[in-house]
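Student: Fold the following and give me the result.
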Amino acid sequence: PLLWVDKFSLNQGKLSQGLASLPVNLAGCARLVCLLGPTYLDRLWTLLELLTFTRMGADHSALVVLPIGRGVPAAGAEDTAGLEADQ
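Tutor: Presented below is the predicted three-dimensional model:
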């Protein structure tokens with residue numbers, strides 16, 4: 001697929017089943033875009049996505065982190081420091 005969105009592609013009521021196929025889905029991705037909100041790093045499955053994507057052999061430059069929401073730091077990107085989305 002051209003675009004795979006885990007929020008809509010994984011059955012949120014049965015995440016354990018969806019997580020089992022996560023490596024297959026991530027292996028087919030040329031790029032991973034993370035919308036980094038205030039609670040992104042608090043959820044284990046989002047951290048699992050990041051780990052799986054990099055462990056599947058993806059180059060770190062293929063990981064794009066877009067901070068959204070108020071008070072979310074632009075991790076490692078000085079040119080986007082202070083970037084916040086309107087709420």
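
Student: give me the number of residues near the residue nearest to residue 27 when sequence neighbours are not counted?
Tutor: The shortest distance from residue 27 to any non-neighbouring residue, by Cβ to Cβ, 6 or more residues apart in numbering, is to residue 56 (4.9 Å). Backbone N, C-alpha and C define where each C-beta goes, glycine included. Close neighbours of residue 56, defined as other Cβ atoms under 10 Å, add up to 15.

Student: doesn't residue 24 make contact with residue 56?
Tutor: No - judged on Cβ atoms under 8 Å, residue 56 makes no contact with residue 24 at a distance of 9.5 Å.

Student: For the longest helix anywhere in the chain, C-alpha coordinates in CSV please.
Tutor: Determined from DSSP state H, the single longest helix within the chain is helix 44-55. The C-alpha trace of helix 44-55 is given here as CSV (Å, rounded to 0.1, in the frame of the first residue of the first chain):
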residue,chain,number,x,y,z
LEU,A,44,4.4,0.6,24.9
TRP,A,45,3.1,-0.3,21.5
THR,A,46,4.3,3.0,19.9
LEU,A,47,7.8,2.3,21.3
LEU,A,48,7.5,-1.2,19.9
GLU,A,49,6.8,0.3,16.5
LEU,A,50,9.9,2.4,16.6
LEU,A,51,12.1,-0.4,17.8
THR,A,52,10.7,-2.8,15.2
PHE,A,53,11.1,-0.4,12.3
THR,A,54,14.8,0.2,13.1
ARG,A,55,15.5,-3.4,13.9
